[in-house]
Structure formats: structure tokens, C-alpha cells
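1. what shape does this take:
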Amino acid sequence: MSDLILADSSTGLSSTQVEAAIEAGHVNTLPPRSGRTTAQIVRANVFTRINALLGVLFVLVISTGSIINAAFGLLIVANSVIGIIQELRAKRTLDSLAVVGEARPRVRRNGNEGAISQEELVLGDIVLIEPGDQIVVDGEVVEASYLELDESLLTGESDPMPKVAGNEILSGSFVASGSGAYRATKVGADSYAAKLTAEAAKFSLVHSELQSGINKILKVITWVLIPVGIFTVIGQIRVGEHNYSSIVLSVTGALVPMVPEGLILITSTAFALGVIRLGRRKCLVNELPAIEGLARVDVVCADKTGTLTENAMVLSEVIPLAGEGEAESEEIETEVREVLRQLGAADSSPNSSMQAIIEGIGHPDSPWEVEGIQPFTSAKKWSGASFKDGTNWVLGAPDVLAAPDSQAYARAREIGLAGLRVLLLATCSEDVTKKTAPGTVKPRALVILEQRVRPDAAATLEYFHSQGVEVKVISGDNAESVGAVTRSLGMDSGEPVDARSLTESNIDELVEHAHVFGRVTPQQKRAMVESLKRGGHTVAMTGDGVNDVLALKDADLGVAMGSGTAATRSVAKIVLLDDRFATLPYVVAEGRRVLGNIERVANLFLTKTIYSSILAILVLAFSLPFPFQPIHVTVTGWFTIGIPAFLLSLPPNNERAKDHFVQRVLRFGLPAGAVVAGASFITYLLTRIPEGSETEATQSSTAALLALIIASTWVLSVVARPYAWWKVALILLPLAGYGFIFTAGFTQKIFMLDSSHTSLMFTATIAGLIGAALIEALWWIVRAGSPAQERKPVWIPRAEREAAAAQRRLERAEHVKHVERARE
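-> Reported below is the predicted structural model:
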């Protein structure tokens with residue numbers, strides 16, 4: 001941009017320059033966090049295909065003067081008002097949580113450094129970056145200290161790219177290692193960050209199998225409605241109906257029940273309520289389809305650090321290692337502790353391990369001059385520094401740096417079996433910045449770090465087991481150390497797998513059958529997720545670090561921790577703002593509640609649509625007057641389908657969602673609708689008197705309606721299973737209401753019914769009960785054809801799990817005694 005202010009990078013923009021940029025409009029304006037504005041939400045809920053169709057029919061019925069038959073028009077108001085209220089509540093929840101969870105870049109202004117919101121960035125700002133930071137706007141590097149960016153989200157290139165002053169960088173990439181600063185050269189709509197933010201927290205149902213299935217159903221219904229409406233008009237004229245009001249009421253009575261008006265409302269309401277419920281648990285849903293993904297998850301890939309264990313680490317001890325011909329002495333311990341202090345001072349962006357070391361040992365009195373730095377990366381598993389005095393020191397994984405036959409390797413392995421994190425401090429022959437580094441390594445000390453297992457981790461794993469969800473622990477730590485932690489939590493992890501043994505030929509088999517993996521690189525995490533997906537699994541991936549970004553992006557459901565890096569939060573579909581892995585069971589349960597219940601109520605609405613369509617077609621085929629008034633189908637739709645369906649969409653549902661939503665719904669809804677239509681139409685044929693009086697016609701339509709109510713109520717009774725007291729009440733209360741409507745004189749007059757002909761009512765009851773029996777048989781047939789869910793994880797009983805934890809404590813105690821004896 002020609003208006004770019006080139007301020008001194010050491011001081012950044014001044015307050016005057018920032019104000020000038022704001023006045024010029026050069027600010028980082030982002031789209032709404034929740035994707036849609038209030039006006040868009042209102043418009044989307046009012047101007048719908050369903051409302052348009054019902055609105056036209058409502059106007060036509062009102063024009064006949066029959067107000068009672070226009071009662072279905074209340075659905076237009078209900079659909080719009082409830083949909084708007086719930087989506088606005090969800091939007092408010094998302095917006096408030098997104099503010100908490102979004103990245104806050106650090107900028108340099110007036111010579112001071114501080115964090116600001118992304119919207120406060122202006123053109124020319126100097127933005128400071130360190131490992132894990134996301135590049136939030138496009139810019140030009142002005143400072144670089146061993147800076148490497150991961151641009152895989154933009155280019156697909158998995159190797160970090162080194163950056164030096166003068167290089168251009170794009171928003172959407174993130175810092176893999178090193179630190180630096182860049183000048184913002186593109187902000188707002190000109191920056192790729194704007195597009196990234198628009199996709200990061202979008203309140204939308206796009207790319208949802210559920211919504212896609214519902215849209216398919218609506219398209220078919222729309223195409224059916226038009227010819228049925230035309231032919232119903234023609235049919236009513238053929239049977240002698242020439243009165244405008246009679247034709248309009250007959251057509252409306254045929255078309256209104258064919259519209260699954262409540263299905264859209266209940267779907268949007270269930271998703272919105274899901275967002276609100278999860279928001280109360282500090283869970284940010286970045287993409288609404290993620291709720292659907294939650295219900296389908298059958299494998300959870302979890303990191304050990306920050307997931308099963310707490311993020312913060314504590315330095316437990318430093319164990320000096322004497323070289324050949326050396327005796328362990330206080331001088332060696334003093335030396336290695338000083339080296340650790342110097343490494344901490346040389347690291348401008350310490351990770352959690354180095355932070356624990358700094359907190360445990362402190363800072364050096366006089367920092368050494370540094371010749372070169374090698375930041376830690378998950379791919380290398382070590383970091384280091386070369387100093388001016390010619391010494392080169394590295395700190396990293398013992399099984400990466402030490403020889404397998406060395407004493408340091410064996411000692412580290414022994415300690416790691418107790419579930420502790422072990423790092424090796426060593427000198428090396430090569431400058432740490434060379435590609436050939438570290439060269440020959442001479443072990444000098446083992447650094448023991450301790451992490452506390454989260455108190456709720458065992459219960460969380462047990463929940464996943466009970467729900468048929470397999471947990472795979474994928475960590476960059478030593479495999480045996482990770483295995484010790486998982487066993488203490490009750491997981492029969494079998495033999496932990498060292499990811500360095502994974503090859504293209506064995507990865508699918510190992511990933512499918514093993515449960516614990518150690519020494520996993522970021523690229524391997526991604527490959528493991530892809531392998532599981534190839535195996536037909538729906539995969540959720542949890543993570544908090546830069547090394548998790550690629551796998552989070554490729555997983556069906558990426559779950560980031562709130563305290564994790566900005567990069568992980570930006571690619572994740574769900575962010576656990578309270579950092580609690582134990583929140584995930586509630587997240588999965590909410591997804592299953594939403595999807596399982598929507599499928600349940602879809603059976604009801606599709607059955608109504610099918611029986612209404614079949615009835616309309618049969619009436620046309622037999623050249624008969626349509627038996628029902630709009631008020632008949634309105635009342636039946638409300639009390640047998642609509643209100644019960646809404647209530648059935650609310651309770652918990654633990655069944656894991658399966659694919660092929662439309663086929664499963666049709667498998668029951670199509671034959672059930674045919675049975676209901678058959679019971680009602682046969683009753684109509686048996687009770688109708690050709691050329692009969694108006695009273696006899698009303699009695700016949702009342703009988704047909706009774707058969708329809710009995711059969712459709714049984715559809716409700718099987719869909720509502722398993723029963724609870726409130727579900728039984730949900731079935732019985734409408735029946736009691738129908739009994740009152742069918743028997744009270746004033747209600748019969750209001751609803752245009754006549755149940756005085758006992759033999760006709762008896763015929764209708766028998767037909768309805770036969771229909772109910774057929775629906776019951778159909779339910780068992782469909783259920784028998786559904787494959788049972790299999791549970792793959794193998795878990796240790798509680799008593800054995802407690803024994804494993806006790807054994808782990810014993811091993812730690814023995815380790816402490818061993819150290820004390822060695823010091824003596």
C-alpha cells in the first residue's frame with residue numbers, strides 16, 4: 001500500500017501515526033466472529049421456502065373467510081420467532097467466547113510492547129512473534145532470530161521455511177521456531193487473515209451431511225407439492241366441487257401436512273441450543289457442523305502433555321553423568337546446573353520444558369556470549385546453543401541423542417518407565433546451527449521433569465470406553481514413559497509404539513491396533529490421522545502446540561486447548577477454553593444429543609409427509625373429495641408430530657451417529673407413512689356414502705381422521721423409545737385431548753367433526769389399531785436390520801487400574817531412594 005508508514009522497527013508506530021492510520025481506514029477490520037449479522041439471521045429465518053409456501057396457502061384460506069382453518073399460519077410466526085431467538089442466543093455465546101479464545105498479537109508502539117486485539121492492528125504496526133504464534137496479517141520481516149515459519153496451511157509444504165529480514169510473510173502461516181518481528185503491510189479485507197477469520201467461527205450448517213440430507217428431502221417435497229396441488233384442484237372439480245372456498249380448503253388440507261415445517265425449526269434450534277450448552281462449559285464451537293462431527297467420532301487421538309497430564313511441568317531433579325575416567329562429583333553437578341542456566345538465558349522463547357528448568361534452577365549471574373542457537377522443534381526433539389568459548393551444548397530426548405548401548409540411555413529408560421519426562425543434557429562436536437549437528441554427543445546429565453496427571457483423566461477415558469469411542473494417545477515423549485502414564489489411568493495400552501518404527505508399509509496396521517505412540521513427529525501425527533480416516537474412522541484430534549496443527553487441520557474434528565498456541569486455536573473446529581480434557585465427554589454427548597434426536601424426530605416429520613402425499617394421491621386416483629379440512633391436519637400435526645417432536649429433540653442421546661441419514665430415515669418413514677395413509681384411506685372408503693349428505697360426509701371424514709390419529713400416534717410411541725415417564729405422558733396427553741375434542745359437542749362444532757355414528761367410529765378404531773400393529777412390526781424389522789455398534793478399546797478393571805497407580809508410586813519412591821543412595 002502506498003499509505004504504509006515505515007516507522008522505526010525498534011520503537012514501532014507512535015500514537016499519532018496509529019490515529020492517522022485509523023482515520024485513513026487502514027485498520028484490520030474483521031468479519032463478524034459468528035459469521036452472520038443480526039439482520040442476516042432475521043432475514044434467513046423469515047424468508048424461507050417453508051414460510052413462503054405456508055404464507056401463500058394462509059392468504060388463500062383467509063380469503064375464504066374460514067379463520068379456524070387458517071390456524072396453521074401460526075407456524076410461520078413460530079418458525080421465525082423461535083429460530084431467530086435461538087440463533088441470536090447462539091451468536092451472542094459464540095461472540096463472547098471468540099473474544100476470549102482469539103489470538104492477541106503483541107505489537108511494538110511508542111517503544112513499548114503490549115498485546116492488543118486483532119481489530120486494533122493498523123497498517124505499519126510492528127508485530128512481535130514467537131513459537132506457536134499465528135501470522136495474523138500479511139507483512140514483511142524486520143527482525144529474525146533463527147525464525148522459521150510453517151506455511152503448510154497455505155502451501156501444503158510441511159518443512160518449516162527459514163525467514164530473514166526483508167522476507168514477505170502471509171497470514172495463515174505460523175511460527176515453528178525462533179522469534180522475530182514483522183511490519184504489517186496488508187490488513188483488513190486486503191489480508192488473507194480476514195478470510196481465515198470468516199471461516200474460523202462461522203455459524204453455519206454448510207458441509208453438513210445432516211443438513212444436506214434434509215435439503216434433499218425438502219427438494220423432493222417441493223417438486224411433489226406442485227403437481228399434487230394442481231391435480232388436487234383438477235380432482236376436486238371433477239368430483240363436483242366448483243365452490244372456490246371448498247377447492248381452496250381441500251387443496252390446503254392436502255398440501256399443509258406434506259410440508260415438514262417443524263423439521264427445519266427443530267434442526268436449527270437443536271444446533272443453536274448445542275452451541276449455548278457447550279458455551280456454558282467454556283467450549284467454543286468455531287464451526288457449527290462440528291457439533292454434527294462430534295456425534296460421529298469413534299476415535300479420539302489425544303496428546304499426553306496438556307491433555308492427560310497438566311500443562312505445567314516442575315523440575316524434579318538433575319542427575320549428573322560422569323564421563324569415562326570421571327567420578328561423579330559436586331563439580332560436575334555445579335557445571336551442568338550452570339549450563340542449564342545459560343541455555344535458559346540464551347532461549348528467547350522457552351517452551352514448557354525449558355520454562356520449568358528456568359523456574360527450578362534460576363538465571364545465570366553472567367550470561368555467556370552465544371555463537372549460535374538451535375531452537376527446539378518436534379521433528380528434531382532437541383535444542384541447543386553454541387557459545388563463544390567453543391563449547392556446544394544440546395538438550396533433548398535421550399533416545400534421540402544418546403547411543404542405545406550407553407549408560408545414559410539405559411538410565412533414562414528406567415526413569416521414564418515411572419511416567420516421568422527425561423531430558424538429556426550433553427556436549428556435542430558440531431556447531432548446533434549446522435545441518436550435521438549435533439555430531440558426536442557426550443552425555444553430561446539427565447534432567448527429570450514431573451507432570452501431574454489430571455485428576456479427571458481416568459474418568460474421561462472411562463466415559464469414552466463406555467460410549468464405544470477408542471482413545472489413542474499420540475505423544476512426542478518417550479513411548480515407554482507415555483505407556484506408564486496411560487496404564488496408571490486404567491488403559492490397557494499394550495506395547496507402546498515408538499513412532500520412529502513406523503513406515504509406509506506398517507503404519508495402517510499399527511495405527512489401527514495399537515493405542516499408545518511415542519516420539520511422534522508432526523508429519524507422523526498427520527499421517528496417523530489420515531491412516532485412521534482411510535480405515536473408515538471418524539477422528540477427533542486434541543492438541544495445544546505447534547506440532548499438532550497439521551493433524552488438527554486434517555482430523556474430522558480438531559479440538560484445541562484454550563491455552564494452546566494461536567495457530568492450533570485458529571485451525572481447530574472446537575476450542576476448550578478451560579483447558580479441561582474432561583470437557584470433551586460433554587462435547588461428544590452434546591453432539592450425539594443433537595444428531596440422534598434430530599434423526600429421531602425426522603422419522604416423525606417424514607412419516608407425516610409420506611402419509612399426506614399418499615393420501616392426496618389416493619384421493620386423486622379414486623376421484624374422491626378430499627376428506628380433511630386444514631384444521632384437521634393442523635391439530636394432528638401439532639399434537640401428534642410437532643410438539644412431541646420438539647420435546648423429543650431435547651433429552652440426552654448416547655447413540656453414536658452413523659452415515660446415510662436419508663436412507664435410514666426413509667427406511668422407517670416411507671413404509672410407516674404408507675401404513676398410516678392406508679389405515680386412514682381404507683377407513684374413508686369403508687365409511688363414505690357416495691352422494692351422501694353433508695352430515696354423512698363429516699362423519700366419514702371424522703372416522704378417517706380417527707384412524708389416522710391412532711396409527712400416527714403409534715409412530716410417535718415407537719420413535720419415543722426407550723420410554724421415560726415424561727415420554728409416556730407425551731403420548732397419552734394428546735390422546736386424552738383428542739378424546740375430548742372428539743366427544744365434546746362444542747369442540748366437534750369448532751373443529752368440524754361428528755363422532756355420533758358409533759359403528760363408523762368402531763370401524764375407524766379397528767383400522768387404526770391394525771395400522772398400529774403393522775407399525776410395531778415394521779419398527780422391529782427396521783431395528784433388526786441395523787448393525788450393532790462394536791466397542792474396540794480394551795480397558796483394565798478399576799481394581800487393576802488402582803493397583804497400576806500404586807505400582808507407579810512405588811517405582812517413583814524406589815527411584816528417589818536410588819538417587820539418595822547414589823548421592824551418599
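
2. and residue 505, how many neighbours?
-> Residue neighbour count, defined by other CB atoms under 10 Å, stands at 7 for residue 505. Every residue, glycine included, has its C-beta placed from N, CA and C.

3. let's verify it: helix, strand, or coil?
-> Using DSSP: H, G, I helix; E, B strand; the rest coil, the structure places residue 505 in coil.

4. so what's it up against?
-> Contacts were defined as CB atoms under 8 Å, 6 or more residues apart in numbering; by that measure residue 505 touches no other residue.

5. residue 531 versus that one, what's the distance?
-> 12 Å (CB to CB, to the nearest Å).

6. distance of the spatially closest residue to residue 553 that is not a sequence neighbour from residue 564?
-> Using CB to CB, 6 or more residues apart in numbering and skipping the chain neighbours, the partner closest in space to residue 553 is residue 571 (4.5 Å). Remark: distance between residue 571 and residue 564 (CB to CB) = 11 Å.

7. same question, residue 330
-> 40 Å.

8. so residue 546 touches residue 176, yeah?
-> Yes. Residue 546 sits in contact with residue 176 when judged by CB atoms under 8 Å, with a separation of 5.9 Å.

9. identify the contacts common to these two.
-> When contacts are counted by CB under 8 Å, 6+ apart, residue 546 and residue 176 are jointly contacted by 131, 150.

10. the residue nearest to residue 553: what's it in contact with?
-> Taking CB under 8 Å, 6+ apart, we find residue 571 in contact with 153, 549, 552-553, 558, 560.

11. nearest to residue 425, of the residues you listed?
-> Nearest to residue 425, judged by CB to CB, of the contacts of residue 571 is residue 549 at 28.7 Å.

12. burial of that closest one, as a residue count?
-> With neighbours defined by other CB under 10 Å, the count for residue 549 comes to 30.

13. please apply the same query to residue 295.
-> For residue 295, the neighbour count with other CB under 10 Å is 25.

14. and what about it, helix, strand or coil?
-> Three states are possible here, and by three-state DSSP the one that applies to residue 295 is helix.

15. so what's it scoring on pLDDT?
-> In the predicted model, residue 295 carries a pLDDT score of 77.

16. and it, how far is that from residue 592?
-> Counting by CB to CB - residue 295 and residue 592 are separated by 5 Å.

17. straight-line length of stretch 464-479, end to end?
-> 22 Å (CA to CA, to the nearest Å).

18. mind listing what's buried in it?
-> Buried residues in stretch 464-479, counting neighbours by 16 or more other CB atoms under 10 Å, are found at 464-465, 467, 469-479.

19. ok, now stretch 406-420?
-> Residues of stretch 406-420 classed as buried: 406, 408-409, 411-413, 415-420 (neighbour count, 16+ other CB under 10 Å).

20. next SSE after the strand or helix carrying residue 674?
-> With elements taken from DSSP states H and E, the one containing residue 674 is helix 661-687. Note on helix 661-687: by DSSP H and E, the next helix or strand toward the C-terminus is helix 694-719.

21. now for that following helix, which elements pack on it?
-> Using 3 or more CB pairs under 8 Å, 6 or more residues apart in numbering; DSSP states H and E as the contact criterion, the elements in contact with helix 694-719 are helix 584-621, helix 630-636, helix 661-687, helix 725-743, helix 758-784.

22. between the ones you listed, which one is nearest to residue 131?
-> Taking CB to CB, helix 584-621 is the member of the helices and strands packed on helix 694-719 nearest to residue 131, at 25.5 Å.

23. so which bits of the closest one are buried?
-> So, applying 16+ other CB under 10 Å, buried residues of helix 584-621: 584-620.

24. who touches the helix or strand harbouring residue 127?
-> Taking DSSP H and E as the criterion, the element that holds residue 127 is strand 126-129. Where contact means CB under 8 Å, 6+ apart, the residues beyond strand 126-129 that reach it are 7, 9, 12-13, 105-109, 113, 121, 135-137, 139, 142, 147, 175, 179-184.

25. so which of those residues are in strands?
-> Secondary structure defined by DSSP state E assigns 106-109, 113, 139, 142, 147, 175, 179-184 of those to strands.

26. distance check, residue 91 against residue 527.
-> Distance, residue 91 to residue 527, using CB to CB: 38 Å.

27. leaving out sequence neighbours, find the closest residue to the residue nearest the centre of the chain.
-> Nearest to the mean C-alpha position of the chain, counting by CA atoms, centre = their mean, stands residue 290 at 3.2 Å. With CB to CB, 6+ apart as the measure, residue 573 is the residue that lies nearest to residue 290, at 3.8 Å, once sequence neighbours are left out.

28. which pLDDT value goes with that neighbour?
-> With respect to pLDDT, residue 573 scores 82.

29. state the phi and psi torsions of it.
-> Dihedral pair for residue 573: phi -80, psi -20, per degrees, to the nearest 10.

30. and residue 234, what element?
-> Under DSSP H and E, the secondary-structure element containing residue 234 is helix 209-238.

31. got the angle between that helix and helix 584-621?
-> In terms of direction (axes from the mean of the first three to the mean of the last three CA atoms, to 10 degrees), helix 209-238 departs from helix 584-621 by 20 degrees.

32. next helix or strand past helix 209-238?
-> Stepping forward along the backbone from helix 209-238, the first helix or strand reached (DSSP H and E) is helix 244-255.

33. quick one: buried residues of that next one?
-> Buried-residue list, helix 244-255, by 16+ other CB under 10 Å: 247-255.

34. widest-spaced pair of the residues you listed?
-> Of all pairs drawn from those, the widest gap by CB to CB lies between 247 and 255 and measures 12.3 Å.

35. isn't residue 751 up against residue 632?
-> Yes. With contact defined as CB under 8 Å, residue 751 reaches residue 632; the gap is 7.1 Å.

36. between these two, tell me which one has more neighbours.
-> Between residue 751 and residue 632, counted using other CB under 10 Å, residue 632 has the larger neighbour count: 23 against 18.

37. contact partners for the more buried one?
-> Counting by CB under 8 Å, 6+ apart, residue 632 touches 253, 701, 705, 751-753.

38. residue 55 too?
-> Going by CB under 8 Å, 6+ apart, residue 55 touches 73, 76.

39. sec struct for it, please.
-> Classification of residue 55 by three-state DSSP places it in helix.

40. between residue 330 and residue 564, who's got more neighbours?
-> Regarding residue 330 and residue 564, a neighbour count based on other CB under 10 Å identifies residue 564 as having more, with 27 against 9.

41. so which strand or helix has residue 318?
-> Taking DSSP H and E as the definition, residue 318 sits inside strand 314-320.

42. show the pLDDT at residue 542.
-> The per-residue pLDDT reported for residue 542 equals 87.

43. strands paired with whichever strand or helix holds it, and their directions?
-> Remark: residue 542 resides in strand 539-543, with elements defined by DSSP H and E. Note on strand 539-543: by DSSP bridges, its sheet partners are strand 299-302 (parallel), strand 557-561 (parallel).

44. low-scoring stretches of the stretch 51-200 of the chain, by residue?
-> Low-confidence segments of the stretch 51-200 of the chain, defined by pLDDT under 70, are located at 71-72, 75, 79, 86, 90, 93-103, 152-159, 192-200.
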